[in-house]
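Novice: Using only what follows, build the 3D model:
(chains A and B)
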Amino acid sequence: MYQSSIRLGRNATNGLLSFMHPNKELFQRQRALLRKAIPAGFPSPADDYVEQRLSLDEHLVQHRESTFFMRVAGDSMRELGIFDGDLLVVDRALPATDGCVVIAVVDGDFTVKQLIHSPQGQLLRAAHPDYPDMPIRPEQDFFIWGVVQWNVHKV
Amino acid sequence: MQRTIALVDCNNFYVSCERLFQPGLEGKPVVVLSNNDGCVVSRSKEVKDLGITMALPWFQMKDIAKQHGIIAFSSNYTLYADISNRVMSLLSRFSPNQEVYSIDECFLELTGMASLENISEYGQQIRQSIKKCVGIPVCIGIASSKTLAKLANQVAKKQPRMNSVCDFNAISKNTLDELLATLPVGEVWGVGRRSTVKLLEMDIHTVLDLKRTPPKRIRDEFSVVLERTVEELNGVACIELDDVVPDKQQIICSRSFGTLVSNLPDLEQAAIAYTTRAAERLRHQHSIASGIQIYIRTNPHQIKDPQYQQSITVPMHEPTSDTRVLCHAALVGLRKIYRTGYAYQKVGMTLTGIMPATSRPKTLFDDITAQQKSASLMQTMDQINHTMGSGTVQLLGEGIRKNWAMRRGNMSKRYTTEWDELPVAQ
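Specialist: Now for the predicted structure:
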């Protein structure tokens, strides 16, 4: 087949290619390309409407630089739908407003709780009947690490 | 027109990264150690206050560490790189022109960004934004040249009343000169240890002394480079911001072993592993290499043991970035210089003769098909290792059980790059 195209001189271009190309396999692939029919029908009517497929990352992460993921341990927040093993999307750039769920650092450990601004000062509230409110005492080592924006829960 | 250039530098960056995910370490003495837990490469303020210097070998400070409860981490470069990317990306929003100078510092062009009265205020905004959004404390030096900005940054770090931002452009010439008279000349960016000795001999002791030396004299005695430094100290910006990092002309991958290695098979595994890393970096910058240098040595600190070191350069048949070809050359070289009877501590690979892949010299006998196959195989390997984690696909020669692997006694988790290692909130 590879030889025959030269001998028969069926196609000058093919012959030249095969003559110059020492690699038979590649040549045959190239020739196959040349022979392939070019689709000349109507172009797909959807071509103009192709858009980027939805990205969950884009949806969940508002600020790329300040967003971190954290894992939940324990069920202290279960009444707000946050369970053991869930994945939290935490944004440090957001303001910690009254009632939002935050990652707080209390005495050096991370905790996820609801932040309440009360007249007596800030307190951390769990979402579980067994956990009492945790008022922040001034002598305590406490700060807000970030604001929980989403909880990803496996059903 | 007077320029306004800021240098933003993260405070003890590696320690700050560790503290971000272990907030309990705040206020405690913390160090980060280099590869193989060798030397101190980052110190918290508490450790600096104890008089522990940079690059101090860990084994020499074990007693003092115990006494003061110093917490030591192995370096977690995966974490530091991710946090650095966040800091740099955030910083890029504060200026149209940014030069990322190292993992923890970058220059920002602020010329014409704000009136001179509130440029310090702008610096404070930058600082607070990085602290809030990424959680890393930074200091900012602002001046009319890069060299002065570096000095301003040191002043910002050392003087608490500056509140971490120091603007040389905002203080009068006389006050600045008084300040420069208190700084030793060796602290100037670009003045190395050898130059310092010579400068001291020329009776140039402080930064102000150097600033007042005629540039021509410096050029005659030293070099054009140091002459530019003098100009920069006088407020003339001579060193421009490089927004594009130039491709590396040499790629080096060399590490010490966790334990000494004396048999050839282990050395070969390490050689393949390091060549693989070097080749990945080579392809990342779309380059090819025309040679590879292999270097081995014993531990010079173990004076009782027999000492040996040797290196050899193996030229490539044709410039390449194919891991397999480079590894083959590395092994050829290694077998040439390997001698039995020594306990080796280090093997290093240097790729040389690096050029862009697009300027590969063409020859009459190029096997185009083989080149294409090689390129697509390497591309596929890189893609798999990128998306599924480094080392997912590797040459078997690298070995599975790595006897020589680095010692990383106390490495923290990769909190931002591994799903299994996320920080946990109760």
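Novice: Isn't B:T358 up against B:I288?
Specialist: No: applying CB atoms under 8 Å, one finds B:T358 not in contact with B:I288, separated by 9.4 Å. Where you see a C-beta, it was placed from the backbone N, CA and C, and this is true even at glycine.
Novice: Between the two, tell me which one has more neighbours.
Specialist: Regarding B:T358 and B:I288, a neighbour count based on other CB atoms under 10 Å in any protein chain shown identifies B:I288 as having more, with 24 against 8.
Novice: so where do the strands sit in chain A?
Specialist: A:67-72, A:87-91, A:101-106, A:109-118, A:121-125, A:134-135, A:142-152 (DSSP state E).
Novice: Poorly predicted segments of chain B, please.
Specialist: Residue ranges of chain B with pLDDT under 70: B:114-117, B:243-248, B:403-404, B:406-407.
Novice: Up against chain A, what does it have?
Specialist: B:22-26, B:86-87, B:89-90, B:132-135, B:368-369, B:415-416, B:422-426 (CB under 8 Å from any CB of the partner chain).
Novice: Mind checking which of those residues are in helices?
Specialist: B:86-87, B:89-90, B:132-133, B:368-369 (DSSP state H).
Novice: contact partners of stretch A:63-78?
Specialist: Here stretch A:63-78 makes contact (CB atoms under 8 Å, 6 or more residues apart in numbering or on different chains) with A:61, A:82-93, A:101, A:103, A:110, A:112-114, A:126-128, A:131, A:146, A:149, A:151, B:86-87, B:89-90, B:132-134, B:415-416, B:422-426.
Novice: Which among those residues count as buried?
Specialist: A:61, A:82, A:86-93, A:101, A:103, A:110, A:112-114, A:126-127, A:146, A:149, A:151, B:86-87, B:90, B:133-134, B:415-416, B:422-423, B:425 (16 or more other CB atoms under 10 Å in any protein chain shown).
Novice: Near chain B, which residues of chain A are found?
Specialist: A:23, A:25-26, A:63-66, A:68-74, A:76, A:87-88, A:92-93, A:103, A:105, A:107-112, A:141, A:143, A:145.
Novice: Now do the same contact list for the residue nearest to B:F94 when sequence neighbours are not counted.
Specialist: In space, and not counting its chain neighbours, B:F94 is closest to B:I126: 5.2 Å by CB to CB, 6 or more residues apart in numbering or on different chains. Counting by CB under 8 Å, 6+ apart, B:I126 makes contact with B:6, B:8, B:91, B:94, B:108, B:138, B:140.
Novice: Looks like the first one contacts B:L110 (just checking).
Specialist: Yes: in this structure, B:A6 is within contact of B:L110 by CB under 8 Å, at 5.3 Å.
Novice: ok, these two, which is more surrounded?
Specialist: More crowded of B:A6 and B:L110, by other CB under 10 Å: B:A6, with 28 against 24.
Novice: May I have the secondary structure class of that one?
Specialist: For B:A6, the assignment made with DSSP: H, G, I helix; E, B strand; the rest coil gives strand.
Novice: Now the stretch 251-400 of chain B against chain A: closest residue?
Specialist: With CB to the nearest CB, the shortest gap between the stretch 251-400 of chain B and chain A falls at B:T369, namely 5.4 Å.
Novice: Would you map out the domains in chain A?
Specialist: What automatic domain parsing lists as the domains of chain A is A:4-35, A:56-152.
Novice: tell me the average confidence for the longest one?
Specialist: The average of the pLDDT scores along domain A:56-152 is 94.
Novice: That one spans what distance, first to last residue?
Specialist: From the first residue to the last, domain A:56-152 extends over 11 Å; the measure is CA to CA, to the nearest Å.
Novice: coming back round to it: now do the shared contacts for B:A6 and B:L110.
Specialist: Common contact partners of B:A6 and B:L110 (CB under 8 Å, 6+ apart): B:95, B:142.
Novice: Contact partners for B:Q2?
Specialist: Contacts of B:Q2 (CB under 8 Å, 6+ apart): B:144, B:169, B:235.
Novice: Looking at those, which one is closest to A:P135?
Specialist: B:N169 (47.2 Å; CB to CB).
Novice: Output the helix or strand where B:Y80 lies as PDB - backbone C-alpha positions only.
Specialist: Under the criterion of DSSP states H and E, B:Y80 resides in helix B:77-91. Output in PDB follows, covering the C-alpha atoms of helix B:77-91 (Å, rounded to 0.1, in the frame of the first residue of the first chain):
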ATOM      1  CA  TYR B  77       7.200  23.900  52.100                       C
ATOM      2  CA  THR B  78       3.800  22.800  50.700                       C
ATOM      3  CA  LEU B  79       2.100  24.900  53.300                       C
ATOM      4  CA  TYR B  80       4.400  27.800  53.000                       C
ATOM      5  CA  ALA B  81       4.100  27.900  49.300                       C
ATOM      6  CA  ASP B  82       0.300  28.000  49.400                       C
ATOM      7  CA  ILE B  83       0.200  30.800  52.000                       C
ATOM      8  CA  SER B  84       2.800  32.700  50.100                       C
ATOM      9  CA  ASN B  85       0.700  32.500  46.900                       C
ATOM     10  CA  ARG B  86      -2.300  33.900  48.900                       C
ATOM     11  CA  VAL B  87      -0.200  36.800  50.300                       C
ATOM     12  CA  MET B  88       1.300  37.700  46.900                       C
ATOM     13  CA  SER B  89      -2.000  37.400  45.100                       C
ATOM     14  CA  LEU B  90      -3.600  39.800  47.600                       C
ATOM     15  CA  LEU B  91      -0.700  42.200  47.500                       C
END
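Novice: Show me where the chain has its helices.
Specialist: Just so you know, I chose chain A. A:4-8, A:12-20, A:24-35, A:56-60.
Novice: not what I meant, chain B
Specialist: B:13-21, B:45-49, B:62-68, B:77-91, B:119-133, B:146-158, B:173-180, B:193-201, B:207-212, B:215-221, B:224-233, B:264-284, B:323-337, B:368-388.
Novice: wait, which of these is closest to B:L33?
Specialist: The nearest among the helices of chain B, by CB to CB, is helix B:13-21 at 9.5 Å.
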